[in-house]
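Asker: Generate a structure from the sequence data that follows.
(one chain, ligands or ions: 1)
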Amino acid sequence: MITLLDYGAGNVRSVINAIEKLGETVTPVNSAEGINNAERLVFPGVGNFGAMMQILRQKQLVEPLLRYLQSGKPFFGICVALQALFESSEEAPDEPGLGLLRGTVKKFDVELAVPHIGWNGITIHQPSPLFAELKGNEKFYFVHSYHIAPESDDYTLTTTDYGYRFVSAIQKDNIVATQFHPEKSGKAGLQLLENFLTGNKEAAVPAHCPQTTKLAKRIIACLDVRSNDHGDLVVTKGDQYDVREKGDVRNLGKPVELAQEYYEQGADEVTFLNITGFRDFPLEDMPMIEVLEQTSKNVFVPLTIGGGIRDFTDCNGRHYSALEVASAYFRSGADKISIGSDAVLIVEEVLAQGKSTGLSSIEQIARVYGNQAVVISIDPRRIYVESPDDAPNHHVIETSRPGPNKEKYCWYQCTIKGGREGRDLDAVTLAEVCEQLGAGEILLNCIDRDGTNAGFDIELVNAVRTAITIPVIASSGAGCSEHFYEVFTETEAEAALAAGIFHRKEVPIGLVKAYLNQRVEIRPSAY
Ligand code: 1PR
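Answerer: Numbers count the residues shown, from 1 in each chain. Below is the predicted model of the structure:
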């Protein structure tokens with residue numbers, strides 16, 4: 001039996017699902033007694049270092065945890081739980097860590113996007129039972145803005161490179177802890193977790209360990225989900241956001257089955273967008289919760305869910321905050337939530353007032369679940385102009401693809417309600433303000449390209465990516481493997497998302513990855 005320390009914040013569902021998938025039973029605990037009774041303890045830490053340490057202190061779990069760590073019984077810490085073992089963190093200077101190991105936790109100081117999100121490799125520095133049956137060149141899923149800086153390298157288990165080399169896992173006697181998330185790292189992650197859970201593996205150094213590592217570009221499968229006219233929840237697909245064909249909603253499959261299929265094929269992440277969320281409140285429209293619960297039992301890569309994440313008052317006057325909606329999704333197995341329409345309205349308000357309230361959905365969710373958990377989904381379309389003077393309040397670009405009247409300039413207008421309503425706000429400004437409010441990533445769609453198979457809008461991706469420092473997921477228009485190569489070599493996008501070509505089985509994910517392998521750093525499908 002495995003004991004899991006669930007201190008009450010963040011998403012422990014994924015870790016529980018992974019352990020159960022490996023055939024073990026899990027007992028979640030959040031009390032001193034629970035920790036005292038543990039024989040094999042897993043501690044997944046998510047979100048903010050300070051918030052986590054505060055909760056551990058409030059619940060009087062620090063002493064029992066330290067006793068457990070010093071008892072010689074097996075311990076596995078994940079992400080912020082690795083950081084908690086050290087003395088302090090720049091993320092929360094006034095909130096000491098457990099101080100079991102000497103050293104601190106520092107913010108990434110790199111000229112790359114922060115958070116460090118995605119699949120990166122590990123350089124192995126010690127033999128460990130954790131590595132049994134691994135090849136050594138697998139990649140694991142990271143999502144963090146801070147990394148440990150230990151005083152001693154005696155217990156460095158692995159390092160990873162991101163701008164510079166940092167310690168990505170430690171091993172000291174009974175204690176192992178990783179910065180990466182094995183529960184979100186596909187088959188390699190499950191193997192590593194199993195090696196810890198069984199406790200009977202020989203220490204190993206895999207044969208193919210890289211000396212340096214590189215963050216992979218991510219390939220994301222997107223499932224636009226809604227109910228069709230018969231009330232069935234289906235994966236649909238728009239043609240420039242029009243999902244109806246001859247009057248009916250296109251039906252391209254069932255969400256849970258398709259997500260599983262894409263995981264098996266090597267998708268690095270799966271995104272669900274509840275595309276009618278703007279009119280159907282998600283907590284009344286429970287199927288999406290169920291979709292997440294089912295999917296997360298068998299899909300061990302990050303899951304993002306979007307659609308309808310906003311404050312809402314129902315017909316009985318009951319008020320739900322966006323944070324409550326997001327929390328319901330995280331509890332059901334989501335790793336990130338994505339906010340579309342509400343982000344546009346929030347940014348309009350911030351610009352009108354000249355400051356933020358601190359109470360927007362973006363800020364509230366980022367505070368509790370961490371910036372990396374908040375994705376902003378932008379639905380822009382091109383507005384052509386003769387000259388930049390025609391749109392003085394917007395980021396205008398010179399385009400190599402002139403408009404219908406040979407206009408040489410355009411700006412990208414934000415829309416809400418699934419493209420139904422254009423606003424007086426451009427995509428670059430939206431991304432910039434959302435980054436300031438605490439968003440961790442931008443999902444950059446493009447209505448003009450959606451479903452066209454004409455390739456990503458490179459000019460749009462460059463305009464947004466160069467304006468911000470958080471990662472960008474390029475989306476809309478992928479029609480062949482070359483389009484992924486193009487977006488990864490002509491822009492700094494960290495990930496590329498596609499829907500139609502995967503759903504219609506025109507270009508499977510494995511083929512995209514086979515094409516990119518050797519050309520661009522990716523996580524090969526087989527891992
Ligand atoms: O506004 O917070 O409720 O969120 C609604 C979410 O639903 C937004 O993320 C919005 O992008 C999405 N959405 C709303 N209506 C549609 C629609 O298609 N009618 N889907 C829609 C957007 C766009 C992509 C698509 C890519 C790739 N889908 O995510 O998957 O364009 O497609 P392709 O590879 O086939 O070209 P809120």
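Asker: what helix or strand does Val176 sit in?
Answerer: strand 175-178 (DSSP states H and E).
Asker: all helices for the stretch 401-527 of the chain, in order.
Answerer: Here the stretch 401-527 of the chain has its helices, by DSSP state H, counting those that start in this stretch, at 427-437, 458-465, 481-490, 500-503, 509-516.
Asker: by how many degrees do the second one and helix 427-437 diverge?
Answerer: This means helix 458-465. For helix 458-465 against helix 427-437, the angle by axes from the mean of the first three to the mean of the last three C-alpha atoms, to 10 degrees is 30 degrees.
Asker: Can you list the low-confidence ranges for the stretch 401-527 of the chain?
Answerer: Applying pLDDT under 70 to the stretch 401-527 of the chain picks out residues 526-527.
Asker: picking that back up, and the strand holding Val176, what's buried?
Answerer: 175-178 (16 or more other C-beta atoms under 10 Å). Just so you know, the C-beta spots here come from the backbone N, C-alpha and C atoms, and that holds for glycine as well.
Asker: repeat for stretch 343-353
Answerer: 343-344, 346-348, 350.
Asker: Stretch 399-411 now?
Answerer: 399, 407-411.
Asker: can you dump the C-alpha coordinates of it into PDB?
Answerer: In PDB, the C-alpha atoms belonging to stretch 399-411 read as follows (Å, rounded to 0.1, in the frame of the first residue of the first chain):
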ATOM      1  CA  THR A 399       2.100  41.200 -43.900                       C
ATOM      2  CA  SER A 400       3.500  39.100 -46.700                       C
ATOM      3  CA  ARG A 401       0.000  38.000 -47.500                       C
ATOM      4  CA  PRO A 402      -1.900  41.100 -48.500                       C
ATOM      5  CA  GLY A 403      -5.700  41.500 -47.800                       C
ATOM      6  CA  PRO A 404      -8.600  41.300 -50.300                       C
ATOM      7  CA  ASN A 405      -7.900  44.900 -51.300                       C
ATOM      8  CA  LYS A 406      -4.200  44.400 -51.400                       C
ATOM      9  CA  GLU A 407      -3.800  45.900 -47.900                       C
ATOM     10  CA  LYS A 408      -0.200  45.400 -46.800                       C
ATOM     11  CA  TYR A 409      -0.900  45.600 -43.100                       C
ATOM     12  CA  CYS A 410      -3.100  43.800 -40.600                       C
ATOM     13  CA  TRP A 411      -3.800  43.500 -36.900                       C
END
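Asker: Quick one: distance of it to the chain centre.
Answerer: 34 Å (C-alpha atoms, centre = their mean, to the nearest Å).
Asker: cool, stretch 182-201 as well?
Answerer: That offset, for stretch 182-201, works out to 20 Å (C-alpha atoms, centre = their mean).
Asker: thinking again about what came up before, for Lys59, find the nearest of the helices of the stretch 401-527 of the chain.
Answerer: Lys59 lies closest, by C-beta to C-beta, to one member of the helices of the stretch 401-527 of the chain: helix 427-437, at 29.9 Å.
Asker: Could you list the residues in contact with the closest one?
Answerer: 343-344, 346-347, 350-351, 356, 360, 362-363, 366, 376, 378, 380, 394-395, 412-414, 442, 444, 460, 463-464, 467-470, 472 (C-beta atoms under 8 Å, 6 or more residues apart in numbering).
Asker: Could I have the buried ones of these as ChimeraX selection syntax?
Answerer: The ChimeraX selection below is limited to those of the contacts of helix 427-437 classed as buried (16+ other C-beta under 10 Å):
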select :343,344,346,347,350,356,360,362,363,366,376,378,380,394,395,412,413,414,442,444,460,463,464,467,468,470,472
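Asker: Could you restrict the contacts of helix 427-437 to the ones contacting the ligand?
Answerer: Filtering those for neighbours of the ligand using C-beta under 6 Å from any ligand atom leaves an empty set.
Asker: who touches the residue of the stretch 251-400 of the chain found nearest the ligand in this structure?
Answerer: In the stretch 251-400 of the chain, the residue that lies nearest the ligand is Gly340 (2.8 Å; C-beta to the nearest ligand atom). Gly340 makes contact with 273, 277-278, 306-307, 376-379, 416 under the criterion C-beta under 8 Å, 6+ apart.
Asker: before we move on, what about Arg13?
Answerer: The contact partners of Arg13, by C-beta under 8 Å, 6+ apart, come to 296, 330-333.
Asker: what's the pLDDT at it?
Answerer: Confidence at Arg13, expressed as pLDDT, is 88.
Asker: and the gap between it and the ligand?
Answerer: 22 Å (C-beta to the nearest ligand atom, to the nearest Å).
Asker: Weed out the non-buried ones from the contacts of Arg13.
Answerer: 296, 330, 332-333.
Asker: Out of the residues you listed, which is nearest to Lys139?
Answerer: For these, the nearest to Lys139 is Ser296 (20.6 Å; C-beta to C-beta).
Asker: which residues does the nearest residue to the closest one once chain neighbours are set aside contact?
Answerer: If the residues on either side of it in the chain are set aside, Ser296 comes closest to Gly333, at 2.7 Å by C-beta to C-beta, 6 or more residues apart in numbering. When the contact criterion is C-beta under 8 Å, 6+ apart, the partners of Gly333 are 11, 13-14, 17, 292-293, 295-297, 303.
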